[in-house]
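Chemist: prediction below, plus the sequence it came from.
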There are 2 protein chains.
Amino acid sequence: MTPSEQDPDRVQIFDTTLRDGEQSPGISLNTSEKLEIAHQLARLGVDVIEAGFPISSPGDFEAVQAIAREVHGPVIAGLARIHVGDIDAAFNAVRDAERPRIHTFVSTSDIHIEHQMRATREDVLGLTRAGVAHAKAYVDDVEFSPMDATRADVEFTAEVCQIAIDEGATTVNIPDTVGYTMPQEFTEYLRRLYELAPGLRDVVLSVHCHDDLGLAVANSFAGLLAGARQVECAINGIGERAGNASLEEIVMLLRTRAADVGLRTGVVTQEIARTSRLVSRLTGYPVQPNKAIVGRNAFAHESGIHQDGVLKERTTYEIMDATTVGLDANSIVLGKHSGRHALKQALAELGFEIDGQALNVAFKRFKEIADKKKQVTAMDLEALVTDELREEIPSFVLEWFDVEASSRRPPHATVGVKLPDGNEATGSSTGDGPVDAVFRAINAATDQQGRLREFRVDAVTGGQDALGETSVVLELDGVAGAGQGVSTDIIEAAGRAYVRALSNAVRRRSVAAQAEDLTAEAARASRLSTP
Amino acid sequence: MTPSEQDPDRVQIFDTTLRDGEQSPGISLNTSEKLEIAHQLARLGVDVIEAGFPISSPGDFEAVQAIAREVHGPVIAGLARIHVGDIDAAFNAVRDAERPRIHTFVSTSDIHIEHQMRATREDVLGLTRAGVAHAKAYVDDVEFSPMDATRADVEFTAEVCQIAIDEGATTVNIPDTVGYTMPQEFTEYLRRLYELAPGLRDVVLSVHCHDDLGLAVANSFAGLLAGARQVECAINGIGERAGNASLEEIVMLLRTRAADVGLRTGVVTQEIARTSRLVSRLTGYPVQPNKAIVGRNAFAHESGIHQDGVLKERTTYEIMDATTVGLDANSIVLGKHSGRHALKQALAELGFEIDGQALNVAFKRFKEIADKKKQVTAMDLEALVTDELREEIPSFVLEWFDVEASSRRPPHATVGVKLPDGNEATGSSTGDGPVDAVFRAINAATDQQGRLREFRVDAVTGGQDALGETSVVLELDGVAGAGQGVSTDIIEAAGRAYVRALSNAVRRRSVAAQAEDLTAEAARASRLSTP
């Protein structure tokens, strides 16, 4: 029984950060990073995690399977086009979950049917009947999406949805695939759909909106007011192009206006800020300071700006309390004299259960940082631990570096890198700048030809002795690799990020070589056509 | 005659980037930066530029006055609380504009009247009558805003609006000050307001929505559908807390759905991308990759990701053409052999008319970059020129630097800085990292005690030899200063940014010292209570 069946005002949150979000250009999460996000989504209390698109690549399959096996609580969904091969892969990936779901889709807009599928409406009806039945033979929980529905003929879409329902779909999701619709138009569209496909009253109606015109949250909200009880969304609003509806905005909208709207979710809002930071850090996608709910300034009167009005009476300018979304986490402060036990306890408060060797490594790094910073806050710890926990796969490690930079001669770097076989190699290079010189020296030491694609530096924490986190995306023989590094020293952080990105790219290159059965072409084509 | 009077379907775009946007924490633009943005807003074709809040500080007054005098085309508005002193200051700041506007406001919500103003509804009626009449004695074009209207009693708000109209207000703007309302609620609110204040039919109704719940664009759009013909918005959606409605989203929504909605603006959409980049660069506020319209991935199928569908038929996944928002600007490419004339021509195409010494400086920097990068694109040029043009005020200049960084000993930096008197001073320091060491060395050379508050690095352009832009915010004796620097060398870029930030802070410190009549307290209080 779904939450919505128990309570007609309960909205299910379907998180697609790891599927639609991970399809964003430049994002390439490995399995352990996806697991880390999925565990946090479970802590956040989402109802469904769409963990990936298993047919699209062996890496996606592996990640969905790992999440299905290890993450408890939410329904775990795998995406599949409405073909037997896709549905089989999705089932094999999610079958070990406590509550597995297959999410299958096919376009109902003529523009997609004609130009992308090169098929007919008749084909779509037949595919839907066969595909949903095939999925239903595997699992009870089947979700069906008529892709590009908002640009499709509503009567044909209703016919397709009714077939999906007749074949056993328990959730029907209406995607605004290209982010084209408007609230009043979407409301009317869903009203017509309910009229034309009466079976929709017996299943959960879902909406999936993109933000191309800045209306993803408003359209999703219009969908809920029209009767939908599942909303598909992503942390920080990431996803294809302008992204999906932001999970945090939908959730806080329903919560803040609960008295007037009467809908609620099961999300533990206090976990929102941390989830946002984790996703931003691992994807390398920054959050704008003025992003609603999770931007650094969304509650700016909380931090420094003493608003006359707020001081006199909070509610004069405040409709939400920052602690509701977990923005009070900076209360834990450790210093250079804090011991291993204090660190372990502080980490436990943050939700990281760390012991043994991982704790030793974290403690060593903590001490290094505490030597440089007077106060180590919860956000520093979170950054450091997340940084360290990523390091479980044997790969290149930056051991040391020497850099000279000057405005009067080219910069020069020498580095020592530990290779996977345990030996240390050194390399030297000049470059366009000191960071570029370090990257080239690492290439020389590892004998790899990494080419930088993106380089980004963020201050994780504020002030003079802020920790910086660098993100690197590089390309190695056509394979992309991403890595992050945290330090008060930008060159050290950059070097750490680069060797990790290089390690990831090397690993991916060997996975790619093994996956001979899936040509890159097919993988790319299958990634494209999603809701 | 306003555009809306000429054409009932014409929506006026009121840009508040320089007023509400500039009030965001951490943003501190100087007059020349504000002028640069205002000139670009005029090129973009906005109808009204709200240039600032003249009473709030001498710097704000000076910037509004400079914009009123130098920027042609749009109406230039100055904000004022509904007090004689504010209105006088606003008038004095905008009086030299071709078409000056005074925008005055007072709260109509009981929560603001009681707690912030410590006044009564009667007081508000009296203030409105006197204030609007006072403004009207100065200028024909008077805008009135009942602050926090969406949380106020609609009948009282209507009464206040009718008084403002009777006293001569030509635009009445309804602010959703705390970002609380929802589209269906706002529609109903405005419908009631039209009923209760019949005079609204004779003036331009405007809306001003904040994005705290992710609904700023949707609420603004609901306002337009309910009859508003002016929308207040900001580039990149910056502004108080979660910011204002994004100008680019509103404009492209109206344009993309014009056939169904029937409204249009006068915005030259091809200038959107450049305006967004300029505002991001000068404010130091990054744009999320997945931000609608102006995010780097908003049109991601344009750049690299070859979508199966889009290749077969563009419209399968594309509702807007990237060239419409000016994303084709990377077509200009210069190289190291390009001469001064080619540079001047390329800059002219970008809208920069540069001659004489400014061209010499730009050409020198162009050559430096062309030595490091094979191809210098339009975006590189834009970054460089914007960088150089900021340099017109005599201040500290970073002449040279030497840095050593190593994982095995503390980093060390020595710098040479040209002082305002023309002499060169040197300074040395260690630090937590090489960038920190450079900053401390600059402090030593200039004998200033700047303290770093924020440090950010962005890749302006992509690839191995990307130009990086660093943004620094520092604090000097309680005064904030911001600066940017562009280079392929991160340390050079950081050093340039730091000396500029320091120069700005020194200048602000002396301005602050002169402004004895305005205590910091009063300035802060006046900045708070705006729509």
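Modeler: Structure received. These figures come from a predicted structure and were not determined experimentally.
Chemist: now do the contacts for residue A:153.
Modeler: A:108-110 (Cβ atoms under 8 Å, 6 or more residues apart in numbering or on different chains). Backbone N, C-alpha and C define where each C-beta goes, glycine included.
Chemist: and which of those residues is nearest chain B?
Modeler: Using Cβ to the nearest Cβ, residue A:109 comes nearest to chain B of the contacts of residue A:153, at 8.5 Å.
Chemist: got the contact list for the closest one?
Modeler: A:147-149, A:151-153.
Chemist: any idea of the angle the biggest helix by length in chain A forms with helix B:490-514?
Modeler: Across chain A, the helix with the greatest residue count (assigned by DSSP state H) is helix A:490-514. Per axes from the mean of the first three to the mean of the last three Cα atoms, to 10 degrees, the angle that helix A:490-514 makes with helix B:490-514 is 140 degrees.
Chemist: does anything pack onto helix A:490-514? Which helices or strands?
Modeler: helix A:58-70, strand A:397-406, helix A:434-446, strand A:451-459, strand A:468-476, strand A:479-487, helix B:434-446 (3 or more Cβ pairs under 8 Å, 6 or more residues apart in numbering or on different chains; DSSP states H and E).
Chemist: among those, which is nearest residue B:297?
Modeler: strand A:451-459 (11.9 Å; Cβ to Cβ).
Chemist: which strands and helices sit next to the closest one?
Modeler: Using 3+ Cβ pairs under 8 Å, 6+ apart: strand A:451-459 touches helix A:434-446, strand A:468-476, helix A:490-514, strand B:451-459.
Chemist: quick one: buried residues of the first one?
Modeler: Pointing back at helix A:434-446 there. A:434-446 (16 or more other Cβ atoms under 10 Å in any protein chain shown).
Chemist: the longest one now?
Modeler: Neighbour-count burial for helix A:490-514, counted by 16+ other Cβ under 10 Å, picks out A:490-508, A:512.
Chemist: nearest residue to the residue of chain A most remote from its centre other than its sequence neighbours?
Modeler: Largest separation from the mean C-alpha position in chain A: residue A:408, at 43.7 Å (Cα atoms, centre = their mean). Leaving out its chain neighbours, the residue that sits closest to residue A:408 by Cβ to Cβ, 6 or more residues apart in numbering or on different chains is residue B:400, at 5.9 Å.
Chemist: tell me if I'm right that the one you found and residue A:407 touch.
Modeler: Yes - the criterion here is Cβ atoms under 8 Å, and residue B:400 meets it with residue A:407 at 4.3 Å.
Chemist: and of the helices and strands packed on strand A:451-459, who's closest to residue A:284?
Modeler: Of these, the one closest to residue A:284 (Cβ to Cβ) turns out to be strand A:468-476, at 3.9 Å.
Chemist: strands paired with the closest one, and their directions?
Modeler: strand A:451-459 (antiparallel), strand A:479-487 (antiparallel) (DSSP bridges).
Chemist: so which of those strands is the most packed in?
Modeler: Of these, the one with the most neighbours on average (mean count of other Cβ atoms under 10 Å in any protein chain shown) is strand A:479-487, at a mean of 23.
Chemist: now that strand against strand A:397-406, angle please.
Modeler: Going by the same axes, to 10 degrees, strand A:479-487 makes 80 degrees with strand A:397-406.
Chemist: average pLDDT across strand A:479-487?
Modeler: Looking at strand A:479-487 alone, the average pLDDT works out to 77.
Chemist: same check, this time on stretch A:96-115
Modeler: 96.
Chemist: gap between the two ends of it?
Modeler: 37 Å (Cα to Cα, to the nearest Å).
Chemist: could you list the buried residues of that stretch?
Modeler: A:97, A:99-109, A:111-115.
Chemist: any regions of the stretch 1-150 of chain A where pLDDT drops low?
Modeler: A:1-5, A:26 (pLDDT under 70).
Chemist: for it, what spans make up the strands?
Modeler: A:12-15, A:48-52, A:75-81, A:100-107, A:142-147 (DSSP state E, counting those that start in this stretch).
Chemist: bridging residues for the nearest residue to residue A:16 once chain neighbours are set aside?
Modeler: Leaving out its chain neighbours, the residue that sits closest to residue A:16 by Cβ to Cβ, 6+ apart is residue A:50, at 4.4 Å. Residue A:50 has these beta-bridge partners by DSSP bridges: residue A:77.
Chemist: report the contact partners of residue A:50.
Modeler: A:14-16, A:18-20, A:77-79, A:103, A:232.
Chemist: of those residues, just say which sits nearest to chain B.
Modeler: Nearest to chain B among the contacts of residue A:50, with distances taken as Cβ to the nearest Cβ, is residue A:20, at 10.7 Å.
Chemist: how close does the closest one get to residue A:285?
Modeler: 13 Å (Cβ to Cβ, to the nearest Å).
Chemist: quick one, what contacts residue A:290?
Modeler: Residue A:290 neighbours (Cβ under 8 Å, 6+ apart): A:297-298, B:24, B:211, B:236-239, B:241-243, B:285.
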